[in-house]
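In: This is the structure alone, sequence omitted:
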């Protein structure tokens with residue numbers, strides 16, 4: 001279980017297809033918009049929240065699911081070096097539950113990620 005006092009951190013490696021089994025997690029009226037591969041699983045943007053599935057243990061059979069409703073995000077920031085030598089970018093989310101840091105590897109478009117957050121929060 002995540003501690004709200006500590007900074008929770010995730011690393012997103014690349015954009016990927018939306019996993020088929022994510023529909024089991026969605027409520028009526030909720031739809032998946034985009035998905036990103038994490039080190040061992042995936043993070044899914046829906047029209048209502050961010051879902052991060054975190055496989056744990058040696059076999060990865062134990063899965064912890066984090067659900068971050070957009071309504072709990074108070075502020076966010078994105079940062080990258082803005083050059084071809086930039087190998088990663090960083091997104092920080094300040095929420096009612098605490099501070100969340102999302103590292104984006106080179107294959108993830110930080111501006112698209114930023115736009116997904118903005119569209120979810122500002123609509």
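Out: Alright, I've got the coordinates. All values reported here derive from a predicted model rather than from experimental measurement.
In: what separates the residue nearest the centre of the chain from residue 63, distance-wise?
Out: Central residue of the chain (CA atoms, centre = their mean): residue 43, 4.8 Å from the mean position. From residue 43 across to residue 63, the span is 13 Å (CB to CB, to the nearest Å). Quick note: C-beta positions are derived from backbone N, CA and C, even for glycine.
In: Ok, residue 26 next?
Out: Per CB to CB, residue 26 is found 16 Å from residue 63.
In: Neighbour count: those two, which is higher?
Out: Taking other CB atoms under 10 Å, residue 26 and residue 63 do not tie; residue 26 has more neighbours (16 against 12).
In: Look up phi and psi at the more buried one.
Out: phi -80, psi 150 (degrees, to the nearest 10).
In: per-residue pLDDT, the closest residue to it other than its chain neighbours?
Out: Nearest residue to residue 26, sequence neighbours excluded (CB to CB, 6 or more residues apart in numbering): residue 46, at 6.5 Å. Listed pLDDT for residue 46 reads 95.
In: Great, nothing more from me.
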